[in-house]
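Colleague: Sequence first, then the predicted structure, then my questions.
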Amino acid sequence: MKNKFSDQLFSTAGLFTLSIRLVLGWTYFSAFWRRLVLDNKLIPEEAGYIGEKFNHFLPNALGIKPLIEFLVSHPDALQASMIAFTVIEAIVGGLVMLGLFSRLMGIGVFSLAMGILLGSGWLGTTCLDEWQIGVLGIAGGFTLFLTGSGMFSVDDMLIRKEAPLTRKKWFQWLGSGVLPIRHLEKFVLCCSLLIFGLTLYTNQYFHGGVFGTLHNKSVKPKIEISDASFVNSQLKFQVYRTEGADVYGSFLIGIQVLNAENRLVFEMNADALSTFDERKIHNYYVAKVKTGKHSMIIPLGAKADLTLDIPADRLAKTDRYTLKLIDISGAEWRSTIANN
């Protein structure tokens, strides 16, 4: 299947995308470089573990939330996936910069960028950081698939030396040269419009960036409280941090129980929370709720069950109570407590 465009035109187009190829290639290869060469971020027990950062994507991911939740709930599978993902990024990024099997690597860039977009497109404290990386990576990967590589690439060197593999039909699809699509202009237009539509949809879904009210879920911490109930003289409830900066925890400095008249009947202050019995924290994911020097720390994406011992003489079975959590920023979250 041939189109009306020449070898020279594709070679020139491949040359013109050289800067895109080098920058995109380094963007993905540098992930491997940072995680294994400059520092080892694939060790679960150490600070900076990439799996915990992956956990940050969970609360507002689009379409792939069940996959992320499965991985962060199964540490061994998560570590294996992070290693595999890092190796794939290294291969794709390295071969993109070299210009070897350029169209196949363009598909690789497209796929990696799609994962970034769907998983973390909602993150970004000052700009729409991860969303921009995702959509630009998708557009860049598609462009590399179209153009292949021109001068200053391994593909081009193999073509000029008439290497046997360059005469295979599959090389035009996976390497460089004329892309064998009969109506190429229609293909480019349709795919470009789909990518643009994906850009607008995710911009609106994650940030309200097309119409309505803009929002940024990465600015202020938000904690969801569920299943709050008294069991004898214990208060049990679940916390789940769903919003806020991924590089900065929510620092819980107060837990209060209020009666129907909004009077305080029980309180744990910052000092008490910093020495909270960690045996009474049941974490679900690799991002863990834990005690800190001056507070209880709740990272983005962390979910845990907490158990508090409350003196029985402070509670009346006939009364109604409210649980209040207080963040160091001044933010507060409330939930009604069920009296079992």
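Modeller: Noted; the coordinates are in hand.

Colleague: Next up, the contacts around Gly208.
Modeller: Leu214, His215 (Cβ atoms under 8 Å, 6 or more residues apart in numbering). Glycine gets a C-beta too; all of them are placed from N, C-alpha and C.

Colleague: pLDDT wise, what is it at?
Modeller: Predicted confidence (pLDDT) for Gly208: 94.

Colleague: Please tell me how far it sits from Gly254.
Modeller: 32 Å (Cβ to Cβ, to the nearest Å).

Colleague: can you count the residues close to the closest residue in space to Ser153 that isn't next to it in sequence?
Modeller: Using Cβ to Cβ, 6 or more residues apart in numbering and skipping residues adjacent in sequence, the residue nearest Ser153 is Gly99, 2.4 Å away. Neighbour count for Gly99, taken as other Cβ atoms under 10 Å: 28.

Colleague: Would you mind measuring from Gly99 to Leu144?
Modeller: The value you get for Gly99 to Leu144, if Cβ to Cβ is used, is 9 Å.

Colleague: quick one, domains of the chain?
Modeller: As given by automatic domain parsing, the domain ranges for the chain are 7-207, 222-339.

Colleague: Can you tell me the element the residue lying closest to Val135 once chain neighbours are set aside falls in?
Modeller: Distances taken as Cβ to Cβ, 6+ apart put Thr199 closest to Val135, at 4.7 Å, once the chain neighbours are dropped. Per DSSP states H and E: Thr199 is located in helix 184-207.

Colleague: got it, and Phe251?
Modeller: strand 250-258.

Colleague: Please enumerate residues in contact with stretch 276-293?
Modeller: 44, 49, 51-52, 55-56, 58, 69, 72-73, 75, 78, 239, 249, 251, 268, 273-275, 296-308.

Colleague: re earlier: shared neighbours of Gly99 and Leu144, anything?
Modeller: With the criterion set as Cβ under 8 Å, 6+ apart, the overlap between the contacts of Gly99 and Leu144 is Arg21.

Colleague: From His207, how far off is the residue nearest to Val135?
Modeller: For Thr199, the distance to His207 - Cβ to Cβ - is 12 Å.

Colleague: for Leu198, same thing?
Modeller: 14 Å.

Colleague: Ok, Gln234 next?
Modeller: Distance from Gln234 to His207, by Cβ to Cβ: 41 Å.

Colleague: same check, this time on Arg21
Modeller: For Arg21, the distance to His207 - Cβ to Cβ - is 29 Å.

Colleague: Check the secondary structure at Arg182 for me.
Modeller: Arg182 falls in the coil class when you classify it by DSSP: H, G, I helix; E, B strand; the rest coil.

Colleague: Burial check on it, number of neighbours?
Modeller: Using other Cβ under 10 Å as the criterion, Arg182 is surrounded by 10 other residues.

Colleague: quick one, phi psi at it?
Modeller: Torsion angles at Arg182 (phi, psi; degrees, to the nearest 10) stand at phi -60, psi -50.

Colleague: tell me which element the residue lying closest to Tyr205 once chain neighbours are set aside falls in.
Modeller: Spatial nearest neighbour of Tyr205, chain neighbours left out: Leu62 (6.3 Å); criterion: Cβ to Cβ, 6+ apart. Under the criterion DSSP H and E, no helix or strand holds Leu62.

Colleague: Between the domains of the chain, which one is closest to His215.
Modeller: domain 7-207 (6.3 Å; Cβ to Cβ).

Colleague: How far away from the center of its chain is the closest one?
Modeller: How far domain 7-207 lies from its chain's middle: 15 Å, per Cα atoms, centre = their mean, to the nearest Å.

Colleague: thinking again about what came up before, distance to Thr213 added to the domains of the chain, as CSV?
Modeller: Formatted as CSV, those follow (distance: least, Cβ to Cβ, whole Å):
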stretch, distance to Thr213
domain 7-207, 10
domain 222-339, 16
